[in-house]
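Peer 1: Sequence first, then the predicted structure:
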Amino acid sequence: MSIEETTREGTGLSRKGLDDGTVGLLGAVVIGVSCVAPAYTLTAALGPTVAEVGVNLPAIFLVGFIPMLLVALGYRELNSAMPDSGTTFTWATRAFGPWVGWMGGWGLIAATVIVLSNLAAVAVDFFYLMLAQVLDNPGIADLTLNLPVNIATTLVFIALACYVSYRGMETTKAVQYVLVTFQVVVLAWFAIAAFVHVANGTAFDATPISAEWFNPFAVGSFSAFAAGVSLSIFIYWGWDVTLTMNEETRNPEKTPGRAGALTVVVIVVIYLTVALATLSFAGVGEGELGAGNPDNQESIFAALAGPVMGPFAILMSIAVLSSSAASLQSTFVSPARTLLAMGHYKALPKGYGRISPQHKSPSYATIAAAIAAAGFYVFTRLVSENALWDTITALGMMICFYYGITALACVWYFRAQAFSSARNVLFRFLAPLLGGVILLVMFFKTANDSMDPAYGSGSELFGVGMVFILGIGVILLGAVLMLIWWRINPAFFRQEVIVQGSAPRP
Amino acid sequence: MRYIVGYTADERGHDAVCLAVALARRQGASLDLVLVTPQHSPYAGIHQRGKGFESLLTDQLQEWMDQGLALVPDDVPARGVIVRAESNAEGLIRAAEDNEASLIVIGASSRGLANRFSIGNVARSLLHASPVPVALAPKSYRRTDPVTRMTCAVGNRAGADDVVSVAVASAQRRGLPLRLVSLVALDAGHSDPEGMEDAANRRLAEAASALAAGGRVSVETAHGSSIEEAIEALAWDEGEVLLVGSSRLAQHMRIFLGSTANKILRTLTIPMVVVPRTYSTPGTTTGPGSHTTEADA
């Protein structure tokens, strides 16, 4: 008896031809844009960001990319040196030991679980909005405001996405091209229609574009700046996938870098165009359609698509719905894989390391992620007046937390090699150090500010801001769970599984 | 002779291994335990790239494969094969084609609580596309002794002769008694003219004797108000295997499970082999003398 592994990926054995397995530049850009999911991201993040920085939104969108880029460079270095299912968890454990590693993993899981619940909620909003538009009955759109209906539908969406992910079903190339093209076309349509309204004098609150909007130093306070940057980390989240694509591309030397650059140009152009269109059409006031109106913050396109696009607003509903539904399904993979790795390395109970014999997917971990997302959503929806807004702000904070740890893990892990070449100085030391420090500063600043009950949507619990409860509360919960697990099974914490270390001197 | 075993590290995979062993014994067939692992599309839109997950998965697959091979007794040669494919069915078919296997063995049970043979997803898609016969192990099949008798169920529809010739060849090779069961009475419906049944039975008997001169062939007619009833009314040996042909709707050399075969599948608790239409063509000319290599079921 022998075991023979037959791999048919990119070898002469493949019957489907090489073309199917590899990705060219255009394909890589499509993948990058799809991971960023601009239609969903904009509708979820535009409002909360305007609330923080007002008309300086374009400046923040531009500046927010810098820490993302710096951290992504470090992420890429770690990914090529230590490819692992646990990513942040494993890398931070290797660099800083089990305690920091565990918390880094927890941060990643928390961030993805929070975004899962937000994605599902946005999908539900646009699901009812679309039904209302199809049936020409505006009353249906208000169903999403009905708490029991909203929670029940959201849970159904989470369960469906969990099932699809558990079964290992994936979006195909054709579907992805259609989804991405559709999103880009609809967002362009929205922007053009908004500018036409402005030109015709039919805009809600026509606001002339000024150069000042692009000046990040014009943002009122450092608090607003920090909040804006941590939100814009969220809007670029997923972009880094283009950098870590190697074997999948036809030209691993050049494609990932070019795709990363091209993707970010595409994304920035989309974001700036839509941001400028929104600001000049609606202004930042708190009027009915104003981007500063708290009622519009949750989901800006739900409020603006109708007035801007007229009868074609349904296209925006479909774009956001399809973009968030696709992201919902694919985002499940991230927490599931990290939970799986943590189970595998004994940082969590063994069950989390289970792989489904039938579907070869992380079975237990996927379901655990779904339950966590559902629980998080129900909690937030019940205690917060403006759940989507608060989850997005908490999410930005959480991404800063685990990306910051990841970036510093890169610096520390490669410390022996940092100055061995000009390339290493840049990619393994300077870029991740700067990125990590920026993100952690943003994290602490936002955490501190968010204690104020007026922060974010203004929801509070026991006199403390909701965002703080969601963000820091989740991190503390992780710390408690970590201590409990350490009491139950200290193997991981005694470094019996993963040993702290560093990259060897070259 | 090589059989592909669709192995999964669960009860269903265990069923498949047992049936494959039972079918392989006395035949000198060797087994390929095939584990299909999903081929991840770069277009899945996933933030986290999969290299790390793949290595955990590979370790797990190796462990499962060791467990699977341990289920195979020493007298049956077996090896493990890991195939990447988009679906389990696709992976098994490709493994069968690449290794020129003559049979695919799978556990057919789904997690459904109702019937032993309520068919799983993999089985369903495999039955729609396999170019080689597919053996379906019922739920909790644990018998590994060689097969004791073969039964071939046929109607009077096109393709009946093909499955009969496969059944005859395979019973002969194993030296097993063969029972031909006529479903003609059921095929024709209730308002069936009397003479048709006899004529069909005669035809079956003729076919059988022409094909298997000297073989132990018996002919029975299934009666009942429904196919389920008729199948249950027949006496079944514990070590028996049923052969049925695939639907007339199937493309040439592809299996498509007809409604009758589907009903049998849901009623029966013994293993069943579904033979693609026109498999081992020209079926009727495959005499007893000319040893078939294609019809290895």
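Peer 2: That came through, no problem.

Peer 1: And chain A, is the longest helix seen in chain B touching that?
Peer 2: When chain B is parsed with DSSP state H, its longest helix is helix B:51-70. Yes - using CB under 8 Å from any CB of the partner chain, helix B:51-70 reaches chain A at B:51-53, B:55-57, B:60-62, B:64-66, B:69. No exception for glycine: its C-beta is placed from N, CA and C like everyone else's.

Peer 1: In that helix, which residues are buried?
Peer 2: Of all the residues in helix B:51-70, those buried under the rule 16 or more other CB atoms under 10 Å in any protein chain shown are B:G52, B:F53, B:L56, B:L57, B:Q60, B:L61, B:W64, B:M65, B:G68, B:L69.

Peer 1: Let me have the residues of helix B:51-70 next to chain A in TSV, adding pLDDT as columns.
Peer 2: Compiled in TSV, the residues of helix B:51-70 next to chain A are given as follows (pLDDT from 0 to 100):
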residue	pLDDT
B:K51	66
B:G52	73
B:F53	80
B:S55	81
B:L56	84
B:L57	86
B:Q60	90
B:L61	91
B:Q62	91
B:W64	92
B:M65	92
B:D66	92
B:L69	93
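
Peer 1: Of these, which is the nearest to A:I31?
Peer 2: A:I31 lies nearest to B:K51 out of the residues of helix B:51-70 next to chain A, by CB to CB, at 15.5 Å.

Peer 1: which residues of chain A score low on pLDDT?
Peer 2: A:1-21, A:247, A:385 (pLDDT under 70).

Peer 1: Closest to the centroid, which residue in it?
Peer 2: In chain A, the centroid-proximal residue (CA atoms, centre = their mean) is A:W237; its distance is 4.3 Å.

Peer 1: so what's it up against?
Peer 2: A:W237 is in contact with A:V36, A:T41, A:M68, A:V115, A:I399, B:H47, counting by CB atoms under 8 Å, 6 or more residues apart in numbering or on different chains.

Peer 1: Now with 10 Å, please.
Peer 2: A:35-37, A:41, A:45, A:68, A:111-112, A:115, A:331, A:395-396, A:399, A:403, B:47 (CB atoms under 10 Å, 6 or more residues apart in numbering or on different chains).

Peer 1: Can you give the domain ranges for chain B?
Peer 2: B:2-142+B:284-296, B:149-275 (automatic domain parsing).

Peer 1: what ranges do the strands span in chain B?
Peer 2: B:2-6, B:30-38, B:78-85, B:103-107, B:134-137, B:149-154, B:178-182, B:217-221, B:240-245, B:272-275 (DSSP state E).

Peer 1: Compute the number of surrounding residues for the residue of the stretch 101-250 of chain B found nearest chain A.
Peer 2: Closest residue of the stretch 101-250 of chain B to chain A, CB to the nearest CB: B:V122 (8.2 Å). B:V122 has 22 neighbours, counted by other CB atoms under 10 Å in any protein chain shown.

Peer 1: Same check on A:T172?
Peer 2: Count around A:T172 with other CB under 10 Å applied: 13.

Peer 1: and what of B:N88?
Peer 2: That count, for B:N88 with other CB under 10 Å as the rule, works out to 26.

Peer 1: now it: how far from A:K173?
Peer 2: Applying CB to CB, to the nearest Å, the value for B:N88 to A:K173 is 21 Å.

Peer 1: worst-scoring helix or strand of chain B, pLDDT-wise?
Peer 2: helix B:184-187 (a mean of 59; mean pLDDT, DSSP states H and E).

Peer 1: Dihedrals phi and psi, the residue nearest to the centre of chain A?
Peer 2: A:W237 has phi and psi values of phi -60, psi 130 when expressed as degrees, to the nearest 10.

Peer 1: With respect to B:V217, which of the contacts of A:W237 is nearest?
Peer 2: A:T331 (60.9 Å).

Peer 1: Contacts only, for that closest one.
Peer 2: Contacts of A:T331 (CB under 10 Å, 6+ apart): A:35, A:37, A:112-113, A:115-116, A:118-120, A:161, A:165, A:237-238, A:324, A:369, A:373, B:45-48.

Peer 1: Equivalent analysis for A:L440, please.
Peer 2: A:C400, A:F401, A:Y403, A:G404, A:I405, A:A407, A:L408.

Peer 1: can you check A:D125 too?
Peer 2: Contacts of A:D125 by CB under 10 Å, 6+ apart are A:43-44, A:141, A:143-145, A:150, A:153-154, A:298-299, A:301-302, A:317, A:320-321, A:324, A:388.

Peer 1: Can you select the buried ones among those residues for me in ChimeraX?
Peer 2: ChimeraX command restricting the contacts of A:D125 to the buried ones, with burial defined by 16+ other CB under 10 Å:
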select /A:43,44,141,143,144,150,153,154,298,299,301,302,317,320,321,324,388
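
Peer 1: Among the contacts of A:D125, name the ones in helices.
Peer 2: A:T43, A:A44, A:N150, A:T153, A:T154, A:F301, A:A302, A:S317, A:V320, A:L321, A:S324, A:L388.

Peer 1: wait, which of the residues you listed is closest to chain B?
Peer 2: A:S324 (11.7 Å).

Peer 1: which residues does the closest one contact?
Peer 2: Counting by CB under 10 Å, 6+ apart, A:S324 touches A:37, A:39-41, A:43-44, A:118-127, A:157, A:161, A:331.

Peer 1: measure it to A:T41 for me?
Peer 2: For A:S324, the distance to A:T41 - CB to CB - is 9 Å.

Peer 1: Could you save the contacts of A:L440 as a markdown table and add columns showing distance to B:V164?
Peer 2: Shown next, in a markdown table, are these (distance: CB to CB, whole Å):
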| residue | distance to B:V164 |
| --- | --- |
| A:C400 | 72 |
| A:F401 | 70 |
| A:Y403 | 68 |
| A:G404 | 72 |
| A:I405 | 69 |
| A:A407 | 71 |
| A:L408 | 73 |
